[in-house]
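> can you look at this prediction? I've put the sequence above it.
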Amino acid sequence: MDASEAAYLSAQEGERVEICCRDGVLLGGHLWRATGGKSSGSVVVNAATGVLAGYYHRYARFLAGHGFDVLTYDYRGIGLSRPARLRGCGYRWRDWGEFDFEAALTFMYDREPMQPLLVVGHSIGGFLPALARNAGRIDRMLTIGAQYGYWRDYAHAHRWRLFWKWHVVMPAMTAAFGYFPGRLLGWLEDLPAGVANEWSFRGARMEHSHPAPERQDVIARFDAVRASILAIGVTDDPIATFSAVRRALGYYRNAAAEQVMLKPYDLGFDAIGHFSLFHSQHAEGFWLDTVVWLRDAVNPWPKHGYPDAHVLHRDGHNFAFE
C-alpha cells in the first residue's frame, strides 16, 4: 500500500488511536484528519450512553471532509474500551466525564494546541464534558438531545414505558447479571453496573448522585466552562424533551448557551427521535448546518432558539438554577 492509498483509507475509516486516562485506563478510538488543507478546529465526539463510537463514524468522516480534525472514542466499558470482564470492573457513569472525556480532550489539545477545541455531544455526551477538570479549554460545543436521564423529563406519552424500561428493568437486570446486559435485551450495548445504576437512580439534581462533600466541586467544574453552547433538541424525542435539555443546559451557568428545538418537518422529515440525526440521510441538511456552528459560531436556526438557557424546569415549574 502506497502513501496515497493509506491516506485514502485513513480518511474513510479513521486512524485507530489509543488514549490513556490519568487513572491508567486505556480507551480505543479513531482519528480523522481534516482533508483539503488547514483544519478549522479539533472536534471530540461524545457518544450517547450504551452507543458504540462507530455509530458516529459517518458524521466524523463528514466533518473531516469539511475541514475538521475529529476524534471518536468509546467510553470505558464500551466497544473498543471494554475490559475482558465487565462484571465487577467498578466503572461509573461519572468516570466517563472525569477521566475519559478529560483524556480525549487532552489528546486533541496536545495534537494542535492552537486550534479551536470543539465538542459534539449526543445525549449524555452533551452533558458530561464539564465533569472533566480541563473542560475550561473548550471553545465551542454542539449538543444534540443532551440530558442526563431524569425520568420526570421524559415525554408524558412515553414516561411510564421509559420509567419501567430504564428505572425498573435496567436495575433489576443489572443486579441479576452484575452488569447491564443490553445486547441480550436488544437495548443498546452492555453497560458496567456503576454506569447503569447511576442512570437508573439519578434524581432531579445531578450533583446529588455524588457524595455530599464532592457536590460543590462538581458544580464548580460546570461553572468553569465558558464555551459557546448550542443545544439542539427535536420535538418528537421522548427522552431529550425541552425540559430535559433545559435542565441539563442549566448547569452550564457561565457558558454562552442557547437552546434550539426543531420539528422534524423543519429538516424535511416526518420523524427524527433521539438517534437519527447521526444518520447519513441528514448529510445534505442538518449536518451541513452544524458545520456553520462549529466553524463560524453562527446559529443556523435562530428562529427556533430559546436564549434564556439558564432556567430549569422541574415538575412543570420554572426555577432559577442556584
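Nice, thanks for sending it over. In this text the structure is predicted, and so the values were computed from the model without any measurement. Numbers count the residues shown, from 1 in each chain.

> could you pull out the helices for the stretch 1-150 of the chain?
Assigned by DSSP state H, counting those that start in this stretch, the stretch 1-150 of the chain shows helices spanning 3-13, 57-65, 93-95, 102-111.

> who's in contact with the shortest one?
What that stands for is helix 93-95. Identification of contacts with helix 93-95 by CB atoms under 8 Å, 6 or more residues apart in numbering yields 49, 76, 124, 128, 131, 194-195, 198-199, 209-210. Yep, even glycine has a C-beta here, placed from its N, CA and C like the rest.

> so what's residue 205 up against?
Here residue 205 is in contact with no residue (CB under 8 Å, 6+ apart).

> er, residue 271 actually
By CB under 8 Å, 6+ apart, the neighbours of residue 271 are 236, 264.

> can you confirm it is in a strand?
No - using DSSP: H, G, I helix; E, B strand; the rest coil, the assignment for residue 271 is coil, not a strand.

> from residue 277, how far off is it?
From residue 271 across to residue 277, the span is 12 Å (CB to CB, to the nearest Å).

> which single one of the contacts of helix 93-95 is nearest to residue 145?
residue 124 (9.4 Å; CB to CB).

> that closest one is in contact with residue 147, isn't it?
Yes - the pair residue 124 / residue 147 is scored as a contact, 7.5 Å apart, by CB atoms under 8 Å.

> and the strands in the protein?
Applying DSSP state E to the chain gives strands spanning 15-20, 26-32, 42-46, 69-73, 117-122, 140-144, 179-180, 191-192, 228-234, 256-262, 305-306, 311-314, 317-320.

> pLDDT at residue 3, what is it?
For residue 3, the pLDDT comes out at 38.

> now do residue 307
60.

> surely residue 138 is in contact with residue 227?
Yes - using CB under 8 Å, residue 138 is in contact with residue 227, at 4.2 Å.

> quick check: neighbours shared by those two?
With CB under 8 Å, 6+ apart, residue 138 and residue 227 have common neighbours residue 119.

> between the two, who's got more neighbours?
Higher neighbour count among residue 138 and residue 227: residue 138, with 24 against 21, using other CB atoms under 10 Å.

> and that one, how close does it get to residue 185?
35 Å.

> where does the stretch 151-300 of the chain dip in pLDDT?
Applying pLDDT under 70 to the stretch 151-300 of the chain flags no residue at all.

> just the helices in it please.
Going by DSSP H, counting those that start in this stretch, the stretch 151-300 of the chain shows helices at 159-164, 170-177, 182-185, 193-201, 215-223, 242-249, 286-296.

> of all those, which lies closest to residue 102?
helix 215-223 (10.3 Å).

> neighbouring contacts of that closest one?
By CB under 8 Å, 6+ apart, helix 215-223 touches 130-133, 135, 206-208, 210, 251-254.

> buried set for that helix?
218-219, 221-222 (16 or more other CB atoms under 10 Å).

> low-confidence stretches in the stretch 1-150 of the chain?
In the stretch 1-150 of the chain, residues with pLDDT under 70: 1-12.

> 80 - rerun?
1-12, 37 (pLDDT under 80).

> out of the helices of the stretch 151-300 of the chain, which gets nearest to residue 61?
Closest among those, using CB to CB: helix 286-296, at 10.7 Å.

> and the angle from the closest one to helix 57-65?
Helix 286-296 and helix 57-65 are oriented at 50 degrees to each other (axes from the mean of the first three to the mean of the last three CA atoms, to 10 degrees).

> which other helices and strands does helix 286-296 contact?
Judged by 3 or more CB pairs under 8 Å, 6 or more residues apart in numbering; DSSP states H and E, the packing partners of helix 286-296 are helix 57-65, strand 117-122, strand 140-144.

> run the last query once more with 7 Å
Judged by 3 or more CB pairs under 7 Å, 6 or more residues apart in numbering; DSSP states H and E, the packing partners of helix 286-296 are strand 140-144.

> and the spatially most central residue of the chain, how far is that from residue 60?
In the chain, the residue lying closest to the centroid (CA atoms, centre = their mean) is residue 125, at 1.6 Å. For residue 125, the distance to residue 60 equals 13 Å [CB to CB].

> do residue 30 as well
7 Å.

> ok, now residue 68?
Applying CB to CB, the value for residue 68 to residue 60 is 9 Å.
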